[in-house]
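In: fold the following.
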Amino acid sequence: MASYKTVPGTWGRLETGEALTEDQIDARARQLLAQMTIEEKIRQMSGDMPTARGIVGMLRRYNAVPYPAGENERLGIPGIRFSDGPRGVVIYNSTCFPVPMARGASWDVALEERIGDTIGVEARSQGANFFGGVCINLLRHPAWGRAQETYGEDPHHLGEMGAALTRGVQRHIMACAKHYACNSIENSRFRVNVRADERTLHEVYLPHFRRCVDEGVAAVMSAYNKVNGTYCGHNRHLLVDVLRERWGFQGFVISDFVYGVRSPLAAASGLDIEMPATIHFGRRLRRAVRRGQVPEAAIDEAVLRILRTKLRFAAGPAGPVGEPERYGPQAVVSAGHVALAREAAVKSMVLLKNEPVAGPDPLLPLDLDALARIAVVGRLADVPNTGDRGSSQVHPPYVVTPLEGIRAAAGPDTTVTRDDGVDLGRAAHAAAAAEVALVVAGYDHRDEGEYMGGPFGSQGGDRRRLTLKPHDEALIQTVAAANPNTVVVLVGGSAIITEAWRHQVPAILMAWYAGMEGGHALADILFGVANPSGKLPCVWPRSADHLPPFDPTADEVEYGYWHGYRLLDHEGHEPAFAFGFGLSYTTFAYDNLQLSAEEMPAGGCLVASVDVTNTGTRAGDEIVQLYAGCQGSRVERPARWLVAFARVGLAPGETRTVHLELPAQRLAYYDVDRAEWIVEPIPYIAYAGGSSRELDLLSARFFICS
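Out: Numbers count the residues shown, from 1 in each chain. Predicted coordinates for the structure are as follows:
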């Protein structure tokens, strides 16, 4: 394991383990800064990768080893050693978790914090001290190619999940939230200008970033795109006015790789580090300082932010942060980490439909004792498919496919046949010969993901359709006609329009990109070893016409106030599957919604309490969701918006009173003229239930008093 030579009185924390106060951190950072030449200061502000050779290496295998930035041997200052994410640690061969969209469907902040802790341990055990994988871009449209890398479409849900990952990672190393901001078009990401008014920015596209800042995230990565005419890496309004002055962010800002900086003038706009190599923040930046285009004071401020953050986290394997006995080769893809990946996949899968076929009971879970033959159909049934192959790709030592998981669980007494689904007639024959047919359909890295077109090949990018491919839809219809006991297992990174076939099958399960243990997790759900508990982190519409416009080739686009479930509610469209929806093998009932007060001040907080009962015969987890709405607002507001949630486990027949806090600040809107948040003294409604759909919700009125 690497260690660092330190200079007494400067980087001594790495050797002594002494606790430093913020004043001591600031003093030591300033002491270091005073010893630096302008060249050394600027070297702190860029990646250390050799430009040409490094970029070629990135194309061969991205982030195979940590990417260094800003090491100073003379002063004993360790560099940043970057590992990407967010499915796990990208460097070397690490544990591959389900993609964040899947983990968002778990609504389990405690689980996400445990995943972050594991990622921090594995990254640090392999020489990294910086994790660039807290991806919290809001899903504006499900066709976005990198939808799988974020947690969903709701700012509150996004913020809580991102904050949980941050907490876990930062027990061990620095974490970085990305891509700031308004990044949710992939193909034109290097050039597209996103226009958004200030209210939309602050209420829709920025709250989750602020939540991670409040959690203490070490760094923020700027996005490639422009916002209101200025590239994000040069956008002083975003990086200084909002991030630092309004939110009080104390960490540093790094660029997205290669194209995230367009000129050395970004250093005067709040960008601190150019990654992963020196293109603009080298000789060009020194020249800009000499010419007075970039004040040297801006360089000093950037370097102080970098040094303070490094000191705060005692950056490096020799440091005392975390539990040293947990680090080392034995910690990478350990049995415990593999079990956590399986648990995450189980808790992420969403049961969308489960109806009876020939009796009173729903088709799922399948009873292996009563099954002699299962047909598994579809190209994706037996291919490792953990998500896209861009910067988020993790390289685990193995991946359990759906077919492998089903065969391992079925055992020797049940025959599991395989058909790739290419020939519809052959697939129908295979399905008809079995008691149950499982169709695995959806997408892979060629259909959606980070855009790797142009000189890098042709794969990924924004999705070209929201439905399945025509052949997959025909395959489902053919198999369902041949065998009424058909289960459709969907693979993908966000919402899929299912109108052409969903009424023809009794059971649908969304498995997402489920990670290295996904096949075992799928079998756990199908055969009833585990009870499905995931709920959708994004609405599934009946038609693409119910969503905002989406043009992956756009040079300019307007991000309006409405999207996702808020848009469908606003325009009166019934979704196929609501935001927050998911079935279980048991049932839950809600009763007795009570509020701790009928009135509260604009700076107050009330508690909503609701009784949740497991009315079925199996233990299960329920995601209890709290929404708020209002009446008589001066501005247009959503019908309701998510303000709190909790995951609770209940035994059969058990009732639990779930308490959810509702701070008044979560009811505020952003007043553009006053540049501040306003909590109006008007009537409000609290809604509690199992999805965003009004029919699934109890309600209670309360008031904000003036």
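In: just for the stretch 401-550 of the chain, where's the confidence low?
Out: Within the stretch 401-550 of the chain, the stretches with pLDDT under 70 are 453-458.
In: that one: strands as residue ranges?
Out: 415-419, 436-442, 486-491, 507-510 (DSSP state E, counting those that start in this stretch).
In: which one of the ones you listed lies nearest to A427?
Out: A427 sits nearest to strand 415-419 of all these, at 5.1 Å, using C-beta to C-beta. Bear in mind the C-beta positions are built from the backbone N, C-alpha and C, glycine included.
In: so which of the strands of the stretch 401-550 of the chain is nearest Q126?
Out: Evaluated over the strands of the stretch 401-550 of the chain, closeness to Q126 peaks at strand 486-491, with 28.7 Å, by C-beta to C-beta.
In: name the helices or strands packed onto the closest one?
Out: On a contact count with 3 or more C-beta pairs under 8 Å, 6 or more residues apart in numbering; DSSP states H and E, strand 486-491 meets strand 436-442, helix 470-482, strand 507-510.
In: in JSON lines: these, plus mean neighbour count.
Out: Listed next are those as JSON lines, based on neighbours: other C-beta atoms under 10 Å:
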{"stretch": "strand 436-442", "mean neighbour count": "27"}
{"stretch": "helix 470-482", "mean neighbour count": "20"}
{"stretch": "strand 507-510", "mean neighbour count": "25"}
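In: give me the beta-bridge partners of H659?
Out: Here H659 sits in beta bridges with S609, going by DSSP bridges.
In: give me the nearest residue to K535, chain neighbours excluded.
Out: Spatial nearest neighbour of K535, chain neighbours left out: G582 (3.7 Å); criterion: C-beta to C-beta, 6 or more residues apart in numbering.
In: please disregard the earlier target; I meant Q594.
Out: Leaving aside its chain neighbours, Q594 sits nearest to S609 (4.7 Å; criterion: C-beta to C-beta, 6+ apart).
In: re the thing from before, now do the same for the residue nearest to K535: its pLDDT.
Out: What the model reports as pLDDT for G582 is 98.
In: how far away is it from E622?
Out: Distance, G582 to E622, using C-beta to C-beta, to the nearest Å: 9 Å.
In: then R124?
Out: With the distance defined as C-beta to C-beta, R124 ends up 35 Å from E622.
In: quick revisit: which of G582 and E622 has more residues huddled nearby?
Out: E622 (26 against 23; other C-beta atoms under 10 Å).
In: part of a helix, is E122?
Out: Yes - using DSSP: H, G, I helix; E, B strand; the rest coil, the assignment for E122 is a helix.
In: name the nearest residue to it, ignoring sequence neighbours.
Out: Closest to E122 by C-beta to C-beta, 6+ apart is V89, at 4.7 Å.
In: tell me which element that neighbour is part of?
Out: Following DSSP states H and E, there is no helix or strand that holds V89.
In: isn't it up against G120?
Out: No - V89 is beyond contact range of G120, at 9.1 Å (criterion: C-beta atoms under 8 Å).
In: which neighbours do those two share?
Out: Both V89 and G120 are contacted by F131, under the criterion C-beta atoms under 8 Å, 6 or more residues apart in numbering.
In: tell me which of those two has more neighbours.
Out: Neighbours per residue (other C-beta under 10 Å) separate V89 from G120, with V89 holding more: 32 against 28.
In: let's have the helices and strands packed on strand 486-491 in TSV, adding distance to E215.
Out: What follows is the helices and strands packed on strand 486-491, written out as TSV (distance: least, C-beta to C-beta, whole Å):
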stretch	distance to E215
strand 436-442	33
helix 470-482	40
strand 507-510	29
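In: wouldn't the residue nearest to Q594 be in contact with R656 here?
Out: No - the pair formed by S609 and R656 falls short of the contact definition of C-beta under 8 Å, at 10.5 Å.
In: quick one on the thing from earlier: need the residues touching each of G582 and E622.
Out: Common neighbours of G582 and E622 (C-beta under 8 Å, 6+ apart) are S533.
In: quick one on the thing from earlier: nearest to A181, out of the strands of the stretch 401-550 of the chain?
Out: In terms of C-beta to C-beta, the element of those nearest to A181 is strand 507-510, at 28.1 Å.
In: pairing partners for that closest one, with directions?
Out: Partner strands and pairing direction for strand 507-510 (DSSP bridges) are strand 350-354 (antiparallel), strand 486-491 (parallel).
In: what's the most buried one of those strands?
Out: Mean neighbours per residue, mean count of other C-beta atoms under 10 Å, is largest over those for strand 486-491, with a mean of 26.
In: now the angle from it to helix 470-482?
Out: If you take axes from the mean of the first three to the mean of the last three C-alpha atoms, to 10 degrees, strand 486-491 sits at 160 degrees to helix 470-482.
In: quick one: buried residues of stretch 620-632?
Out: Within stretch 620-632, the residues that count as buried by 16 or more other C-beta atoms under 10 Å are 620-630.
In: before we move on, the earlier item: okay, the strands paired with strand 507-510 in CSV with distance to Q44 next?
Out: Converted to CSV, those look like this (distance: least, C-beta to C-beta, whole Å):
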stretch, distance to Q44
strand 350-354, 45
strand 486-491, 43
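In: OK, contacts around the residue nearest to Q594?
Out: Residues near S609 by C-beta under 8 Å, 6+ apart: 592-596, 657-660.
In: mind putting those into a markdown table with neighbour count, pLDDT and distance to P68?
Out: As requested, these are exported to a markdown table (neighbours: other C-beta atoms under 10 Å; pLDDT from 0 to 100; distance: C-beta to C-beta, whole Å):
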| residue | neighbour count | pLDDT | distance to P68 |
| --- | --- | --- | --- |
| N592 | 12 | 98 | 57 |
| L593 | 18 | 98 | 54 |
| Q594 | 15 | 98 | 55 |
| L595 | 18 | 98 | 53 |
| S596 | 14 | 98 | 52 |
| T657 | 12 | 98 | 52 |
| V658 | 20 | 98 | 47 |
| H659 | 14 | 98 | 47 |
| L660 | 18 | 98 | 44 |
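In: and of those residues, the nearest to P638?
Out: P638 has its nearest neighbour among the contacts of S609 in L660, at 18.4 Å by C-beta to C-beta.
In: if we can go back for a sec, compare the strands paired with strand 507-510 and report which one is nearest to V294.
Out: Nearest of the strands paired with strand 507-510 (C-beta to C-beta): strand 486-491, 47.8 Å.
In: if we look at the closest one, which residues are touching it?
Out: Contacts of strand 486-491 (C-beta under 8 Å, 6+ apart): 363-364, 366, 380, 385, 402, 431, 436-444, 476, 479-480, 496, 501, 505-514, 522, 526.
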